[in-house]
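Trainee: Take this sequence and fold it.
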Amino acid sequence: MENATNNNFSYKFSKAFPLINTGFSFKNLRYLPRWLVLSIDFTIVFVSIIGTYFLLLGLKLEYIPKKDLGYGIAFWLSVNVVLFWIFRTYSGIIRHSSFIDAIKLFFSQFSTFAVILVLNFIYLILGKQKLFLTTGAFINTVLSFSVLFFYRIIVKQLFDNLFNESPATKRINAVIYGSGANAIAVANALISETPKRFNLIGFIDKNNQNFRKRLLNLPIFKIKKNLLYLMKSKNGEALIIADNSLTKEERIVIVEECIEFGIKVYTLPSVTDWEDQKQISQNIKNIEIKDLLERDPIILDTQSILSKMHKKTILVSGAAGSIGSEIVRQIVSFNPEKIILLDQAETPLNSLLLEIIALNIQVEIVNKIADIRNYEVLESIFKSHKPDVVFHAAAYKHVPMMEENPSQAIFTNVLGTKNIADLSFKYNVDRFVFVSTDKAVNPSSIMGASKRIAEMYVQSKQYSHQKNSIAKSTKFITTRFGNVLGSNGSVVPLFTKQIQEGGPVTITHPDIIRYFMTIPEACQLVLEACSMGDGGEIYIFDMGKPLKIIDLAKKMIRLAGFTPDKEIKIKIIGLRPGEKLYEELLNNSAKSIATHHDKIMIAIEVCEEFQLLNQQVEDLIQIATIGNLNQLVSKMKNIVPEYKSLNSVYQILDIDIIESNNFNNLNN
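Mentor: Below is the predicted model:
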């Protein structure tokens, strides 16, 4: 009981008097209390006025008349305290003092000087002797400001040099690429950062114009031979890109040159808030693989998209997936009335819901855990909420997995799409947007063929309605694009995990190439296609230049700070079932036409008669239900003649189909 009482007393005592504590350490002192800062400032002002008085007295000058000395000192101190309170000079954390704190001190001290001048003027009008010698008051003001300012600098430096250094953390020697206002703001942010990550050694001016000058007492380097030579000669370990005038191409060249030779690269968005140094330093991040895509930014027709989304009810299937969730994030900004999040995955769906709720938006969010293969459950959702726009992103997408489970590919990618498309028409949905893949073009896998059949169904349904002159009909729109960086099924998360585990990074083939987009830009183009579509189109996106997967792997290894085939091995494991060396965006017999958007084209594909295709799809679903896999794949090849299996057990079926066709031709 006695120990408890003593402990309680010790706790209260330490809270009341934090400095009087046996366990006290300056390293634990986070900041000086405001009352202590104000007391120190008051003492400095008092010492300054006394020092000024005796300084002028030594020069045979009377700063304050002896008879008014006590009153004069009291008045000076009182004015300072009031102005300290007005300008809040004591409220800043001393160890984080900045230019703004210096400005506050300047105004407080020279406002004091102005008050003294007014007081002297009043004394002269009243016919009395001035209370303060004007020259002395000016000297006193300058002295007070200088000591107040420099004592803050000294405290800041003490904290930086003695208390904020972590022995376990080694600073990285860094050069800032840029010499403009943006680069200066970045440098100031890093200098005031706690704890410090970088030891700044200089700036680079890309035009080599200011190399004889200095910024923030740091040199501006001239690139004599090349960037690599400069970094090595200055012992630079990292480059921080802070030059907004660099083009995308220039930036990529700089980054690739650095990572090729093990120099870390950091970047950040454009600095807009010049005062928030903490925010600037937090935004400085390692360069990512998506930053190396040679792609121009996408310009959206936001007004057109807004007209299709504003105050509408939007349903997104596969909402918890990488594409579906990003579509939801982007739709939110167009202020819909309601968003229906439809997915089977409970935990990712809940995570997305919490993320959207945190945005504090005035949009109704409806969570629906449902299987798109279940028509009755889907119909209850459509009947209750009557969506205006449907984005169908739910799908099975892993190629080797679907080679082993063809029936599931049919149930989800074909039947699921059919269900949502049919219900969209039945409940008068204005626009149905189907998210497809480049693997549907000349498919070599179960997954690709199933997505192609879904494309064909959606497109033929649109043309059937147009042919029958249905007045109010759903606009069925298909979007087709390639691999998306960071999506579920992309190689990027796989490579990242393999690098973190120390390798090896597995590549299926040294010559395999793929098109890549980032998730946000893919979803931006999906929204754009939704707004511009009249129904029946298959929109294909400009995917930029294809990348060799092995080159992508090497870049990711270097970005992680390792050397390919040394610290992290690259292992060739062979093409997986259904996998092609390269993907295409157009069928061999198809053509494309341009649209008003330079990154979106329309594929002109042959469209089957809906009644025939619908019957074929029904038969396909029935076969999948029975589970005869060879018969199932044969039926898929019959619906999609260009489907040729690669690296798959179903390749034998292609030979059977060719022989059957040849036999039929001979009989004819």
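
Trainee: List the buried residues in stretch 558-567.
Mentor: For stretch 558-567, burial by neighbour count (16 or more other Cβ atoms under 10 Å) applies to 558, 559, 562, 564. Where you see a C-beta, it was placed from the backbone N, CA and C, and this is true even at glycine.

Trainee: I'd say the third one and residue 499 touch.
Mentor: Yes: checked against Cβ atoms under 8 Å, the pair residue 562 and residue 499 is within contact range at 7.0 Å.

Trainee: what is in contact with the two at once?
Mentor: Residues touching both residue 562 and residue 499 (Cβ atoms under 8 Å, 6 or more residues apart in numbering): residue 568.

Trainee: contacting residues around residue 506?
Mentor: Contacts of residue 506 by Cβ under 8 Å, 6+ apart are 494, 498, 571, 572, 573.

Trainee: isn't there a strand covering it?
Mentor: Yes: applying DSSP: H, G, I helix; E, B strand; the rest coil, one finds residue 506 inside a strand.

Trainee: start at 14 instead
Mentor: From this message on, residue numbering opens at 14, which makes the last subject residue 519.

Trainee: tell me the pLDDT at it?
Mentor: As predicted, residue 519 sits at a pLDDT of 91.

Trainee: From residue 409, how far off is residue 420?
Mentor: 11 Å (Cβ to Cβ, to the nearest Å).

Trainee: low pLDDT regions in the stretch 564-681 of the chain?
Mentor: Scanning the stretch 564-681 of the chain for pLDDT under 70 picks out the ranges 598-605, 667-681.

Trainee: For it, which segments count as strands?
Mentor: 583-585, 604-607, 613-617 (DSSP state E, counting those that start in this stretch).

Trainee: Dump the ones you listed to CSV, plus distance to residue 543 and mean neighbour count.
Mentor: Below are the strands of the stretch 564-681 of the chain laid out as CSV (distance: least, Cβ to Cβ, whole Å; neighbours: other Cβ atoms under 10 Å):
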stretch, distance to residue 543, mean neighbour count
strand 583-585, 40, 14
strand 604-607, 18, 11
strand 613-617, 11, 19
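
Trainee: Would you reformat the contacts of residue 519 as JSON lines and include distance to residue 73?
Mentor: Output for those, formatted as JSON lines (distance: Cβ to Cβ, whole Å):
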{"residue": "507", "distance to residue 73": "85"}
{"residue": "511", "distance to residue 73": "83"}
{"residue": "584", "distance to residue 73": "90"}
{"residue": "585", "distance to residue 73": "93"}
{"residue": "586", "distance to residue 73": "94"}
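
Trainee: now the strands of the stretch 564-681 of the chain as CSV including distance to residue 138?
Mentor: Formatted as CSV, the strands of the stretch 564-681 of the chain follow (distance: least, Cβ to Cβ, whole Å):
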stretch, distance to residue 138
strand 583-585, 88
strand 604-607, 83
strand 613-617, 79
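
Trainee: what's the closest of those strands to residue 437?
Mentor: strand 613-617 (20.8 Å; Cβ to Cβ).

Trainee: And the helices in the stretch 314-463 of the chain, which stretches?
Mentor: 315-322, 335-345, 359-370, 388-398, 412-417, 419-422, 430-439, 459-480 (DSSP state H, counting those that start in this stretch).

Trainee: hey, least reliable of those by pLDDT?
Mentor: Of all the helices of the stretch 314-463 of the chain, helix 315-322 has the smallest average pLDDT, which comes to a mean of 77.

Trainee: tell me the angle of that one relative to helix 335-345?
Mentor: 100 degrees (axes from the mean of the first three to the mean of the last three Cα atoms, to 10 degrees).

Trainee: and helix 315-322, which residues are buried?
Mentor: Quick answer for helix 315-322 (16+ other Cβ under 10 Å): 318, 321, 322.

Trainee: pretty sure the last one contacts residue 345?
Mentor: No: judged on Cβ under 8 Å, residue 322 makes no contact with residue 345 at a distance of 9.5 Å.

Trainee: who touches the helix or strand in which residue 91 is found?
Mentor: Per DSSP states H and E: residue 91 is located in helix 82-100. With Cβ under 8 Å, 6+ apart as the test, helix 82-100 has contacts from 51, 54-55, 58-59, 62-63, 66, 77-78, 103, 117-118, 120-122, 124-125, 128-129, 132, 144-145, 153, 157.

Trainee: how about the residue nearest to residue 659 when sequence neighbours are not counted, what does it touch?
Mentor: Nearest non-adjacent residue to residue 659, counting by Cβ to Cβ, 6 or more residues apart in numbering: residue 457, 4.0 Å away. Remark: with contacts taken as Cβ under 8 Å, 6+ apart, residue 457 is in contact with 591, 592, 593, 656, 657, 658, 659, 661.

Trainee: Next, count neighbours for the first one.
Mentor: By the measure other Cβ atoms under 10 Å, the count of residues near residue 591 is 25.

Trainee: What residues does it make contact with?
Mentor: Per Cβ under 8 Å, 6+ apart, neighbours of residue 591: 412-413, 415-416, 457-461, 658-661.

Trainee: could those residues be laid out in TSV, adding distance to residue 272?
Mentor: Conversion of those to TSV gives the following (distance: Cβ to Cβ, whole Å):
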residue	distance to residue 272
412	30
413	31
415	35
416	35
457	33
458	33
459	38
460	33
461	33
658	39
659	34
660	33
661	37
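
Trainee: quick one: which of these has the most company?
Mentor: Tallying neighbours with other Cβ under 10 Å puts residue 459 at the head of these, with 32 neighbours.

Trainee: show me where the stretch 164-313 of the chain has helices.
Mentor: Going by DSSP H, counting those that start in this stretch, the stretch 164-313 of the chain shows helices at 194-204, 240-246, 261-273, 290-296.

Trainee: Have a look at this structure and report its longest helix.
Mentor: helix 112-138 (DSSP state H).

Trainee: helices and strands around it, which ones?
Mentor: If you count contacts as 3 or more Cβ pairs under 8 Å, 6 or more residues apart in numbering; DSSP states H and E, helix 112-138 packs onto helix 82-100, helix 147-171.

Trainee: pLDDT averaged over it - what is it?
Mentor: 82.

Trainee: So what's the gap between it and the chain middle?
Mentor: 48 Å (Cα atoms, centre = their mean, to the nearest Å).

Trainee: which parts of that helix are buried?
Mentor: Using 16+ other Cβ under 10 Å as the test for burial, helix 112-138 gives 114-115, 117-122, 124-126, 128-129, 132-133.

Trainee: same deal with stretch 426-446?
Mentor: For stretch 426-446, by 16+ other Cβ under 10 Å, it's 426-438, 440, 442-446.

Trainee: Over to residue 529: give its phi and psi.
Mentor: phi -130, psi 140 (degrees, to the nearest 10).

Trainee: Tell me the bridge partners for it.
Mentor: Beta-bridge partners of residue 529, counted by DSSP bridges, are residue 496.

Trainee: Residue 437 and residue 395: what is the separation?
Mentor: 8 Å.

Trainee: Quick one, which of the strands of the stretch 564-681 of the chain gets closest to residue 626.
Mentor: Nearest of the strands of the stretch 564-681 of the chain to residue 626, taken as Cβ to Cβ: strand 613-617 at 17.4 Å.

Trainee: list the contacts for residue 252?
Mentor: 187, 188, 190, 240, 244, 267, 271, 276, 277, 278, 279 are the contacts of residue 252 under Cβ under 8 Å, 6+ apart.
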